[in-house]
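>>> Need coordinates for the following:
(chains A and B)
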Amino acid sequence: MDILFLLIPMSLLFVGLIALIFNWAVRSGQYEDLEKPRHDILLDDDDRPPPRDTAGRDQ
Amino acid sequence: MSSVIIECDGSLSRCFHCGQPMPGGARLEAVVGGSARPMCCHGCKAAAETIVACGLDRFYRMRTGEAPRPDEQPAVLPARFAAFDDPVLQQRFVVRLPDGDSEATLLLDGIACAACCWLIEQRLAGLDGLKDARVNYAAHTAAVRWDPARLAFSGILAAVAQLGYHAAPYDAGAAELQLSRERGVQLRRIGIAGLFGMQIMVLSLALYLGADAGVDPGLAPLFRWSAGVLVLPILLYSAVPFFRGAARGLRAHTFGMDVPVALGIAIAFLGSIHSLLTGTGHVYFDSIAMFVFILLCGRFVEFSVRRRAAAQWDRLQRIQPATATRLRADPGGGHSEEVVPVTVLEIGDQVRVRPGETIPVDGKVTAGDSSVNEALLTGESLPARRGPGDAVIGGSVNVESPLCIQVSRIGAESRLAQIARLARDAESTRPEGGTFADRVAARFIGRLLLIALGVALFWWFRDPERWIPITISVLVITCPCALALAAPAALAAATGTLLRLGLLVRRAHAVESLGRAMLFVFDKTGTLTTGELQVVAVRVPQGGDAAAGLAAAAALEAGSEHPVGRAIRAVQRGSVAPAGAIRTVAGEGVAGTVAGCEHFLGTPAFVARMTDGRVNVAAPAAREEEGPVTRVVLATRAALLAEILLSDSLREGARELVRYLSTHGHGVRLFSGDGGGAVAAIAAQAGITHAEGGLLPARKLERLNQLRTTGQVICMTGDGVNDAPVLAAADVSVAVGGGADLAQASADIVMLGGRLDALRAGIDVARRTLRIMRQNVGWAIAYNVIAVPLAATGQVTPWMAALGMSLSSLLVVMNASRLVRA
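So this is what the prediction gives:
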């Protein structure tokens, strides 16, 4: 169990590092818009023309 | 009957573009995706055709929400936005980049789903001269960069508006930046508390269960000291707002919620340090971490919801620019027009106000003859006639024909500014009642300290070895986590629910006060009523044809923006060819040729004059139940064709709202600036027994203050500038969205969409919120009543304390979440 004397201080270092990364993420605006990016991948334009046969929501 | 059949037919009854029910009458269609789709209005049709023409019809398959309903007249859009091309005005929101491009942020209104963002981005990307456009879905803003030599700023706004969305330039004010920074700081505090808290929990688990699991007891000091180090960032960074709030509270001698919270954290920390140094007793670092994390989360949710409501309100305020069209005398003797910000106008300047525009300043009419709607300023429901020499008030709306106005008062001297000052003064006199949870906390903290003192003294004499650990466990157990969460959790849930109902909560105390309100005061014009005239009856002489009369009247009023004209057109189903040779006499009536025969429509006096008295326009004896009505007469040169009676009518849901309030034992009153007769009639229709008319803004305020001496919590609902002082003075106030800006700025809650049934539902939510807050507080106190004796007798182990605290907090949050389903 002596290894804990090394592992626990190491975990302290890691959590400090994670805190710094989190801090950077907030500052650089990663949390500004949590809605649109997840839609962007679906809405991205590709060059193929949209298929015609599925047109219309009400059919 | 045909319209009824259409409405019953599922897929056909709704507009394909905006999803609103199709009106009766002429049907419109647009071709989308290869087949014709029903369109409810020309605005939707134009927007849908624009979308298809731009090759963006995929929007209709990707969207998950309905598109907003556009303005009816897309053709006038570019002209409306032309004011934004003014270089002076642009300085406020356009940034010129070194490479010659311009950059600006737009506020967007009407975005319902991510497909809307896609649509706007694609549409803007198709504009010649546009370099970059990115839409932020969460903030409903768009950042655009363009080449000003190839594209005018108004062109960008018009392109967005053609799709049916509203766009306005956005100058991020200091307050906005501050809020955005504050959000970042709050997020960081939560993140730090969560990250470090998780590590502490791992170590604490080892401490709680380690001895049973066979962990070497010699490792315990390592766990304890590590947890002690990990708690420092939480204490020194995440928990700072609680300590600051407590210090502020102590300085102001008010024991708010922050005082017990800060005390709980401090005592738990000092006690744990004591245990750490002496090597005996328990450490409570895990409790500190969890407590701070949960509390910060609760406050963050409440803050976010309110910020969203505030941002939405802010957006509504900025849609229209405050500009005026100034006339400059040319050397040649003519006039040239220029669009300028209202703030640069000076006394003596000439401004032109087109029909439908808001008169920008107080002034005197120098040319033109029109009707002016002062409903928002005075509460009067009918437009008044204004001709050369008459005074007009800034903020009223020009109805019929262009007016030239000479500016007579500006800035602080204007009527609008005077009423705004009255509202500000009224607001400063409003009593600052602490919130319910704060008052409970103030009582709670005193008792808590007394009990702890008693426990400490008892153990000091009984067993001096144990007095410190036992006193600390009492203080930690009573740590008012659940109490501190009781109010924010309920308020956050309620504010979100109200927002969905269309009620924007602008101030934190509003939900609580609305739930407590006992006396409800309403304004009349524009609040309980729609503020628009509606046809209530069409009377024809013996053998006459009411439908034909209405059609002729609609033909005469085809191009009119006068409330009477709009009301007549609204009841005329099907399209009508406009009358020929239309002549309008402002404030009196209109003459024109229908089916080859000259017709007159207007006040009885006007018709009598035009027909040289040949037509008998005398009114039959007024019937009592009709109340005061506006009466217009339609006649040819030889005969009376029809009489049309119009009146300002109750908003949908007004009667139900009054009945709901009455059955719940609340007082309902009506305060109006309009004349007594109209007020009494509307009050009778709505079922209100106490109604007062003819009240000036200052007098309204006086009456409200008189009512307040009875000690009842008063809720005021209004829409006009003349209501602003009362709205500011009332304990809680609701402004009708779309009313005067000043009224909305003075109110605690803004009611979007003008739906009174939403207000009724909102009152219900507020009352339930109050009930849930009481339940939460009751639970938090009950928990303490059980836990304190156990802790005081030394029966509580640390894991019991931690579990008890978590469960009580969880229960409070789950109870509050019931408000989300409404």
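
>>> Buried residues, stretch B:809-817. List them.
Residues of stretch B:809-817 classed as buried by neighbour count (16 or more other Cβ atoms under 10 Å in any protein chain shown): B:809, B:811-813, B:815-816. To be clear about C-beta, it is placed using only N, CA and C from the backbone, and glycine gets the same treatment.

>>> Now do it: distance to the chain's middle.
Relative to the chain's own centre, stretch B:809-817 is displaced by 27 Å; criterion: Cα atoms, centre = their mean, to the nearest Å.

>>> now the buried residues of stretch B:809-817 in TSV, with pLDDT and distance to chain A?
Shown next, in TSV, are the buried residues of stretch B:809-817 (pLDDT from 0 to 100; distance: Cβ to the nearest Cβ, whole Å):
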residue	pLDDT	distance to chain A
B:809	76	24
B:811	84	28
B:812	83	26
B:813	80	21
B:815	87	27
B:816	84	22
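
>>> and of those, the nearest to residue B:106?
Distances from residue B:106 to the buried residues of stretch B:809-817, taken as Cβ to Cβ, are shortest for residue B:816 (36.1 Å).

>>> sorry, back to before: of the buried residues of stretch B:809-817, closest to residue B:604?
residue B:816 (60.9 Å).

>>> Which of the buried residues of stretch B:809-817 sits closest to residue B:672?
Nearest to residue B:672 among the buried residues of stretch B:809-817, with distances taken as Cβ to Cβ, is residue B:816, at 38.8 Å.

>>> so who does that closest one touch?
B:486, B:489-490, B:492-493, B:772, B:776 (Cβ atoms under 8 Å, 6 or more residues apart in numbering or on different chains).

>>> Can you tell me how far it is from residue B:524?
Using Cβ to Cβ, to the nearest Å, we find residue B:816 at a distance of 37 Å from residue B:524.

>>> okay if I get the buried residues of stretch B:809-817 as JSON lines plus secondary structure?
Formatted as JSON lines, the buried residues of stretch B:809-817 follow (DSSP: H, G, I helix; E, B strand; the rest coil):
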{"residue": "B:809", "secondary structure": "helix"}
{"residue": "B:811", "secondary structure": "helix"}
{"residue": "B:812", "secondary structure": "helix"}
{"residue": "B:813", "secondary structure": "helix"}
{"residue": "B:815", "secondary structure": "helix"}
{"residue": "B:816", "secondary structure": "helix"}
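
>>> Which of those lies at the shortest distance from residue B:744?
Using Cβ to Cβ, those come closest to residue B:744 at residue B:816, 28.1 Å.

>>> model confidence over the helix ranked longest in chain A, on average?
The single longest helix within chain A, with elements called by DSSP state H, is helix A:4-27. Mean pLDDT, computed over helix A:4-27, is 90.

>>> Is chain B within reach of it?
Yes: Helix A:4-27 is in contact with chain B by Cβ under 8 Å from any Cβ of the partner chain, via A:4-5, A:8-9, A:11-12, A:15, A:18-19, A:22-23, A:26-27.

>>> which of the residues you listed are buried?
A:4, A:8, A:11, A:15, A:19, A:22, A:26.

>>> Tell me the spacing between the third one and residue B:228.
Spelled out, it's residue A:11. Taking Cβ to Cβ, one finds residue A:11 at 14 Å from residue B:228.

>>> do the same with the second one
In this structure, residue A:8 and residue B:228 are separated by 12 Å, where distance is defined by Cβ to Cβ.

>>> and what of residue B:214?
Residue B:214 is 24 Å from residue B:228, by Cβ to Cβ.

>>> Neighbour count: these two, which is higher?
residue B:228 (18 against 8; other Cβ atoms under 10 Å in any protein chain shown).

>>> Within the helices and strands, which one has that one?
helix B:220-233 (DSSP states H and E).

>>> can you pull up the bridge partners for whatever residue of the stretch 501-650 of chain B ends up closest to chain A?
Taking Cβ to the nearest Cβ as the measure, the point where the stretch 501-650 of chain B comes nearest chain A is residue B:504, at 19.7 Å. Following DSSP bridges, residue B:504 is listed with bridge partners residue B:750.

>>> Tell me if I'm right that residue B:97 and residue B:145 touch.
Yes: Residue B:97 lies in contact with residue B:145 (Cβ atoms under 8 Å); the separation is 7.4 Å.

>>> which of these two has more neighbours?
residue B:145 (16 against 10).

>>> Specify the beta-bridge partners of that one.
Bridge pairing for residue B:145 - DSSP bridges - gives residue B:103, residue B:132.

>>> Quick check: it vs chain A, distance?
Computed with Cβ to the nearest Cβ, to the nearest Å, the distance linking residue B:145 and chain A is 18 Å.

>>> How about residue B:732?
Taking Cβ to the nearest Cβ, one finds residue B:732 at 32 Å from chain A.

>>> What distance do you get for that residue to residue B:672?
20 Å.

>>> and the two? which has more neighbours close in?
Counting neighbours by other Cβ under 10 Å for residue B:732 and for residue B:672 shows that residue B:672 has the greater number, 32 against 25.

>>> Please name the residues that touch the more buried one.
B:379, B:523-525, B:678-679, B:682, B:691-695.

>>> where does it fall, phi/psi-wise?
Per-residue torsions, residue B:672: phi -140, psi 150 (degrees, to the nearest 10).

>>> Which pLDDT value goes with it?
So, for residue B:672, pLDDT stands at 86.

>>> What count of nearby residues applies to residue 20?
Going with chain A. Around residue A:20 there are 10 residues (other Cβ under 10 Å).

>>> my bad, the chain I had in mind was chain B
For residue B:20, using other Cβ under 10 Å, the count is 14.

>>> I'd guessed it sits against residue B:70; true?
No: checked against Cβ under 8 Å, the pair residue B:20 and residue B:70 is beyond contact range at 11.6 Å.

>>> How confident is the prediction for the closest residue to residue B:228 other than its chain neighbours, by pLDDT?
Nearest residue to residue B:228, sequence neighbours excluded (Cβ to Cβ, 6 or more residues apart in numbering or on different chains): residue B:276, at 5.6 Å. With respect to pLDDT, residue B:276 has a value of 90.

>>> for residue B:276, phi and psi?
Dihedral angles for residue B:276 - degrees, to the nearest 10 - are phi -60, psi -40.

>>> Check residue B:540 too.
Residue torsions, per degrees, to the nearest 10, at residue B:540 are phi -120, psi 150.

>>> Quick check: the gap between it and residue B:646.
Counting by Cβ to Cβ, the gap from residue B:540 to residue B:646 is 16 Å.

>>> Neighbour count: these two, which is higher?
Comparing residue B:540 with residue B:646 by other Cβ under 10 Å, the one with more neighbours is residue B:646, at 22 against 18.

>>> Which residues does the more buried one form beta bridges with?
With DSSP bridges as the rule, residue B:646 is bridged to residue B:535, residue B:630.

>>> Contacts only, for it.
B:533-536, B:564, B:567, B:629-632.

>>> Using JSON lines, lay out the residues you listed together with neighbour count.
Below are the contacts of residue B:646 laid out as JSON lines (neighbours: other Cβ atoms under 10 Å in any protein chain shown):
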{"residue": "B:533", "neighbour count": "25"}
{"residue": "B:534", "neighbour count": "17"}
{"residue": "B:535", "neighbour count": "22"}
{"residue": "B:536", "neighbour count": "17"}
{"residue": "B:564", "neighbour count": "25"}
{"residue": "B:567", "neighbour count": "23"}
{"residue": "B:629", "neighbour count": "20"}
{"residue": "B:630", "neighbour count": "18"}
{"residue": "B:631", "neighbour count": "18"}
{"residue": "B:632", "neighbour count": "26"}
